[in-house]
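Trainee: One predicted model, sequence on top.
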Amino acid sequence: MTQQPILAARGLVKRYGKVTALDRCDFDLYPGEILAVIGDNGAGKSSLIKALSGAVTPDAGEIRLDGKPVTFENPIAAREHGIETVYQTLAMSPALSIVDNMFMGREIRRSGFMGKYLRKLDKAAMEKFAREKLNELGLMTIQNIGQAVETLSGGQRQGVAVARAAAFGSKVIILDEPTAALGVKESRKVLELIQDVKRRGIPIVLISHNMPHVFEVADRIHVHRLGRRLCVVDPKSITMNDAVAFMTGAKEPPSDLAAA
Amino acid sequence: MTQQPILAARGLVKRYGKVTALDRCDFDLYPGEILAVIGDNGAGKSSLIKALSGAVTPDAGEIRLDGKPVTFENPIAAREHGIETVYQTLAMSPALSIVDNMFMGREIRRSGFMGKYLRKLDKAAMEKFAREKLNELGLMTIQNIGQAVETLSGGQRQGVAVARAAAFGSKVIILDEPTAALGVKESRKVLELIQDVKRRGIPIVLISHNMPHVFEVADRIHVHRLGRRLCVVDPKSITMNDAVAFMTGAKEPPSDLAAA
Amino acid sequence: MSETASKGQDYESSLSSASNRVAEFEDTRKGLIHRIQHALHVTPALVPLIVLLAAIVIFALTLGSRFFSPGTLTLILQQVQIVGILAAAQTLIILTAGIDLSVGAIAVFCSVIMGAFTFRYGIPPLFSIPAGLAVGTAIGAASGWLVSRVKLPPFIVTLGMWQIVLAANYLYSRNETIRSQDINEQAPLLGLMGERFQLGGAIITLGVVAMIVLVVVLGYCLRSTAWGRHVYAVGDDAEAAELAGVNRHRTIMSVYMLAGFICGIAGWVMIGRFGSVSPSASTGVVGNIQSITAVVIGGISLFGGRGSIYGAFFGALIVGVFELGLRMAGANAQWTYLLIGALIIGAVAVDQWIRKVTS
Amino acid sequence: MSETASKGQDYESSLSSASNRVAEFEDTRKGLIHRIQHALHVTPALVPLIVLLAAIVIFALTLGSRFFSPGTLTLILQQVQIVGILAAAQTLIILTAGIDLSVGAIAVFCSVIMGAFTFRYGIPPLFSIPAGLAVGTAIGAASGWLVSRVKLPPFIVTLGMWQIVLAANYLYSRNETIRSQDINEQAPLLGLMGERFQLGGAIITLGVVAMIVLVVVLGYCLRSTAWGRHVYAVGDDAEAAELAGVNRHRTIMSVYMLAGFICGIAGWVMIGRFGSVSPSASTGVVGNIQSITAVVIGGISLFGGRGSIYGAFFGALIVGVFELGLRMAGANAQWTYLLIGALIIGAVAVDQWIRKVTS
Amino acid sequence: QEDIGACIITKTDTNPFFVKMREGASAKAEELGVTLNSYAGQVDGDNEAQVAAIETCIANGVKGILITASDTAAIVPAVQQARDAGILVIALDTPLQPVDAADATFATDNFLAGELIGQWAAAKLGDAAADARIAMLDLAISQPSVDVLRDQGFLQGFGIELNDPNVWGDEEDPRIVCNEVTAGNEEGGRTAMENCLASDPSINVVYTINEPAAAGAYEALQAMGSSDVTIVSVDGGCPGVRNVADGVIGATSQQYPLRMASLGIEAIVQYAQDGTLPTPSEGKDFFDTGVALVTDNPVEGVDSISVEEGLELCWG
Ligand SMILES: Nc1ncnc2c1ncn2[C@@H]1O[C@H](COP(=O)(O)OP(=O)(O)OP(=O)(O)O)[C@@H](O)[C@H]1O
Ligand SMILES: Nc1ncnc2c1ncn2[C@@H]1O[C@H](COP(=O)(O)OP(=O)(O)OP(=O)(O)O)[C@@H](O)[C@H]1O
Ligand SMILES: [Mg+2]
Ligand SMILES: [Mg+2]
């Protein structure tokens, strides 16, 4: 890997009062790859990607985008650099509709006078687009596209969030447990979607607890343990069993991997 | 199955405005069994168990406990009948601590004068108990037992909810996707816990999208589709492939199963 | 899509033939009641409208044509015009999960500015009115900045602003009233909003027209523009909205500044309605509670993100109908005060009941 | 536990040897600052306490011993005793995500009841005081029922109650003040809470003692009893609390009734402080805003579920210190209002800043 | 010579009447080298803020307090505390209950002020007074004492039988169409007048608590097309007197807040220098600073001054 990482971090630290979430953590994402991040509950995976996407400001450490140090003041700054994220908490406005949530911050305006001067939204176009994206993910149980997000089932909600990121990401897409609440069919569609996106040349960070999924799609696996990167492994040269053993602390990784 | 179901429902209907969540749904849970409920996202699984546990009132249909018709005004009524539920949304007070949430509604008071007359809570005992339960689930990353639940990672939060139900359920335990956000190790512990509870003679309803887990622990599988029970299958006499095909509508179940 | 399915786990092989239709259910409920239920469900502002119409009908039946005449009904519009405009400003703030205790004080202060600029410094009203509106907007900007950047609770910010603006109002005006005779003679533009025209027995003032136009325009902006959606999103869950890409700071600033501007308009309307400019107008002290009341009766949640501005407008009218109706029925001042308290609770209880029955 | 692990999927075989230690990290931050940060983090009520002490120090430096004397400092306690007690009631309501606009009116009405029962009907104070407290509790119960059972917004319920109680108060009392001479002679028990004792230059009244005892007792109940935890849980997320097994209705009823009772106590304390019973006491009109201000300055969230009653107590004292300090410094009334408005914003900004620096 | 401190405590400081009173006191205090602090309640009837103000004055060690009590009976214990601390307390504008609770009282007779406009209105209507239609625009539902005194004085002067003289609104005379509250400003005056006219458009006499309320009532009358209505009021501020000149108000009773306040300051200085207490007017238990009826339509049997004289004497 002599390539330059597209997104990298060195020595990130994040503490909440007495709780340490990130403990001098490193991170590298290379162009065009699917990088899986695995680790125990509470290992600090979500904290890591929140730091990378500007949702939290780390106490120490450095983030580099295309080799240049950056600091993201807020998620909008990260998004302007093309980093699109599905957070574990999904970041939806519960009282607003599916369409409103999908297009939040990127609404489509009518063409012509109404759109230009009265800034009227093109509800029909947005609804059509949203319905298509949901169908692509196999969410056929959504009966009413104008439903408030708070009334959706857990899986439907997650589907909407994933559809949003997939539709709009341009440089890096980060997915924090995108299939946790999804059914068998819907999870499969998301995995297909991830591979689709990769084919478009956009690198993806995938956090997941589902080992078969991880080993199916990942190019490299970042194993996170106790707030830091324990090692990076190649799914083709290691067994699931070893990966699980590293991440739960059952086994120490060989020292050459730890440096990767 | 000539036994009487411990908890049963017939013809449940629940509509939200234009959306139909339950469409004349039936349900049976027999004593001492682990019943898995599977189905697409938005099929109505959570709506079904919310109706069974008193969290929503169905528009039509009947619920029977030990053969006697019951109506639960609210979740407290169901709980008084020994039905303990982990909801998909977890039902936690975000600003309160782990301990407060675990013992909500069942606090332990000090012994002696302080407890009897001043109704002082025994914080030390509750903390000890909570820590034990979390350790049993393998949630070793929780550094501070007094942490507010809103600051926990997704998986830690789910672990706390499961620990609460397992510790206090007495007649029926209902788990709505208890392992969705959990890691490999933590999920395994939850499955062990479920089998433990079954050994104590308490029947369990398990909603899950994880087919290997379902086929590993379930005694019977209730397949839910489009708001109703499509069929009930025996995991020992059917393949995962068929179960998935039924629930996604890829295959029609044989007519003898549909009646079960 | 099925090409990759074969890569999945063994039990997923049948997925390619999964059903591809959007779920549909036959709906066995038919008829008018169901249609009404649906309408109420989709347009929640209809509920306060029903309460409003019911109140009008009840008073019309009790008081007869004295109450149910074009003159009296439009008098209600005139009496609520200021509260109605303030409620529009309040709606914006409350939709972002804030609360504005300073609306009334800003309105009074703006009217004082317009008056003092015109009469003390001799600036023509064509400039002193925009100056008043600018001061309102500036006060809103200050509150918005404190809420958005310093992250203070809106209650505290606007409570402080209320006291500051009200005191500044008394100090700046030196407690002097500008009389309507002087305004009529020297600066009729200041009193423009009091201009009235007659349609049959109905009397409409420009201030009433301003209120209605304002509500309709804001209703359009909130429903049909991206800005409106952002206002709702920020109020619903500010953190989620920010994560989803909404510029929270810009949205909050725009809302507070717009609210301040609307309060300035309310100040101008006040001059028209009362003829004179008076720093001790009661709106400065009770305008906040009155406008919040209208908003809450209109079904807008104080926790933000839910409700429609039309609801707030109907809420203001409901209170106006009760007040005038009770007075006309001859209740004495103390009893009227008591009954209005009871009726407000009753109106919202009916509202809640309609919602429950139709949900 | 490892016995079943073998049943799991193949990749789980190593789980039995997974680490079993609770995660620990070495903490490299040491020293006093870190300890202070931690204390502030664990006990958020310390933040308003710091602001309070800072305010006292600043006024002491400016005004000298006139201000910084036991007499003046205890005078502040006397001046805030009523707002302090009302703030305790308000805290309970706000913790359940409600708001109570009627606290002041209930307090005044209870004092009027106590006075009228004693003087109009000749009931001995030993019974008329409990009667007043019972009326307060009953009003609280009515509000609680409307909030919990009819599910009306607390803002509307207590707004209506405010008007109803205030008007009832004027009607029932016939606007008559009961004079202190009569109370001293015929019913000294009514004025009991005004009883004072001297400790050096410090003057403490029973009303002040009542306020402090009340805050401490409520602080204990909220922190260390199941009821207290339920109050927080209901305010935090009422639906989640109910799903988790909290009896929402019973909790809300208990809170509103207790708040009404505490307002009754405030009414009794009012008689002691002012010597007389006056139906037009301004507490009836401004007590709600004053108590909400104290609560919010004390760091309690208006959205419920977060904050400590000690914060509200310090919040009331902060306002009391500002008011007395500015008055002693000779600022005129309008300037005092203006400065207090600015200081309230400033106090909360400092509070926010301390929280930010220490988090 | 040691610094003399004094306090002036008014009911509110938004009503121009009290603003002028405070200005009169400040001017005199500056002239005599007195350090004057001024305080006010937040709303009419705000007893608590006045108690707190007295406590502050005591803590500040002043020599004298001028107070316009919001609740004339309830304030007495606090006044007593001040007097016990050796402070001269002078009641301005309204006497305390009992009157001797203060060291001295410099007041107008608010009841008399009401009575004058009542008599004037009755005389102006002449025989029509027997079936007059009267709107009473009062101050607030808490019925503070000025409110009651002026209202009841007017009714007495007009020849209407009072019920309880301590309460307004309990009269049974059919000539009274409505009792409305105005908060004493234009806004309240306009709305209150509209409400009265909506229930009875034939109103021809309007009593108002003060001149701003009268101006608001006039706007409503204009807007609803009622002419030939006699508006009377109390206060005598310059805008009010100008409104009498413009025919907005028929007659108003003028009071002299500046005079009260400056006399009060002089008395405090006197007391601080040699301990002498001010003496009441002859035959009264307070020092009467006077009331005069201002109108350009004098009537038989009621003393009045012209608008020009009124403008000379007016405040604000
Ligand atoms: N705001 C916060 N305050 C305090 N502690 C926090 C906060 N946010 C996260 N933590 C703690 O930081 C640690 C890491 O949390 P994080 O959410 O990053 O875990 P995770 O690896 O994503 O876990 P999961 O797989 O369960 O989602 C946890 O112990 C958590 O309790
Ligand atoms: N309060 C509500 N208002 C409107 N629609 C609702 C509401 N609650 C649920 N629904 C709808 O009812 C249907 C069933 O939802 P439910 O939560 O029961 O699904 P589920 O089977 O649990 O799905 P998942 O596996 O994703 O959790 C969904 O289409 C959902 O959108
Ligand atoms: Mg996570
Ligand atoms: Mg579900």
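Mentor: Arrived safely. Ligands and ions are numbered 1, 2, ... in the order given.
Trainee: Next up, the contacts around E:Lys11.
Mentor: Contacts here follow Cβ atoms under 8 Å, 6 or more residues apart in numbering or on different chains; on that basis E:Lys11 touches E:18, E:40-41, E:44-46, E:50, E:68-70, E:144. Where you see a C-beta, it was placed from the backbone N, CA and C, and this is true even at glycine.
Trainee: what about it, distance to B:Ser153?
Mentor: Distance from E:Lys11 to B:Ser153, counting by Cβ to Cβ, to the nearest Å: 60 Å.
Trainee: quick revisit: and the contacts of E:Lys11, which is closest to chain C?
Mentor: Distances from chain C to these, taken as Cβ to the nearest Cβ, are shortest for E:Phe18 (9.0 Å).
Trainee: What strand or helix carries that closest one?
Mentor: helix E:16-32 (DSSP states H and E).
Trainee: near chain C, anything from that helix?
Mentor: Yes - Helix E:16-32 reaches chain C (Cβ under 8 Å from any Cβ of the partner chain) through E:16, E:19.
Trainee: Give me the mean pLDDT for that helix.
Mentor: Across helix E:16-32, pLDDT averages out at 89.
Trainee: Run through who's touching the very next helix or strand once past it.
Mentor: Downstream of helix E:16-32, the first helix or strand assigned by DSSP H and E is strand E:34-40. The contact list for strand E:34-40, computed with Cβ under 8 Å, 6+ apart, reads D:327, D:330, D:332-333, E:3-13, E:18, E:22, E:25-26, E:28-29, E:49-50, E:53, E:56-57, E:60, E:62, E:265, E:268-269.
Trainee: Quick check: which element contains whichever residue of the stretch 1-150 of chain A sits closest to ligand 3?
Mentor: Proximity of the stretch 1-150 of chain A to ligand 3 (Cβ to the ion) peaks at A:Ser46, 3.0 Å away. Using DSSP H and E, A:Ser46 sits in helix A:45-52.
Trainee: and the residue nearest to the spatial centre of chain A, what is it in contact with?
Mentor: The centre of chain A sits closest to A:Leu175, judged by Cα atoms, centre = their mean, with a distance of 1.8 Å. A:Leu175 sits next to A:85-86, A:162, A:165, A:194, A:204-207 when contact means Cβ under 8 Å, 6+ apart.
Trainee: Sort out for me which of the residues you listed are in helices.
Mentor: A:162, A:165, A:194 (DSSP state H).
Trainee: Leaving out chain neighbours, which residue sits closest to the first one?
Mentor: Excluding its sequence neighbours, the residue lying closest to A:Val162 (Cβ to Cβ, 6 or more residues apart in numbering or on different chains) is A:Pro178, at 4.9 Å.
Trainee: Tell me how many other residues surround the one you found.
Mentor: 28 (other Cβ atoms under 10 Å in any protein chain shown).
Trainee: Does it touch A:Val160 like I think?
Mentor: No - at 11.4 Å, A:Pro178 does not count as touching A:Val160 under the criterion of Cβ atoms under 8 Å.
Trainee: Which stretches in the chain count as strands?
Mentor: In the absence of a named chain, this looks at chain A. For chain A, the strands defined by DSSP state E occupy A:7-16, A:19-29, A:34-39, A:60-65, A:68-70, A:83-86, A:172-176, A:204-207, A:220-225, A:228-233.
Trainee: should've been chain E
Mentor: Under DSSP E, chain E gives strands at E:4-10, E:34-40, E:64-67, E:88-93, E:104-107, E:134-138, E:176-181, E:205-208, E:230-235, E:251-254, E:287-288, E:292-294.
Trainee: Could you export those strands to TSV, including columns for mean neighbour count and distance to D:Gly201?
Mentor: Shown next, in TSV, are the strands of chain E (neighbours: other Cβ atoms under 10 Å in any protein chain shown; distance: least, Cβ to Cβ, whole Å):
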stretch	mean neighbour count	distance to D:Gly201
strand E:4-10	27	20
strand E:34-40	23	22
strand E:64-67	29	22
strand E:88-93	26	23
strand E:104-107	25	31
strand E:134-138	26	46
strand E:176-181	23	45
strand E:205-208	30	50
strand E:230-235	29	45
strand E:251-254	28	48
strand E:287-288	18	37
strand E:292-294	23	50
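Trainee: Looking at those strands, which is nearest to D:Tyr172?
Mentor: strand E:176-181 (18.3 Å; Cβ to Cβ).
Trainee: Now that closest one: average pLDDT?
Mentor: On average, strand E:176-181 scores 92.
Trainee: could you say what helices and strands it packs with?
Mentor: Identification of packing neighbours for strand E:176-181 by 3 or more Cβ pairs under 8 Å, 6 or more residues apart in numbering or on different chains; DSSP states H and E yields helix C:333-358, strand E:134-138, helix E:186-199.
Trainee: Per-residue pLDDT of residue 260, please?
Mentor: You didn't say which chain, so I picked chain A. 47.
Trainee: The chain in question should be chain C.
Mentor: Looking at C:Gly260, its pLDDT reads 98.
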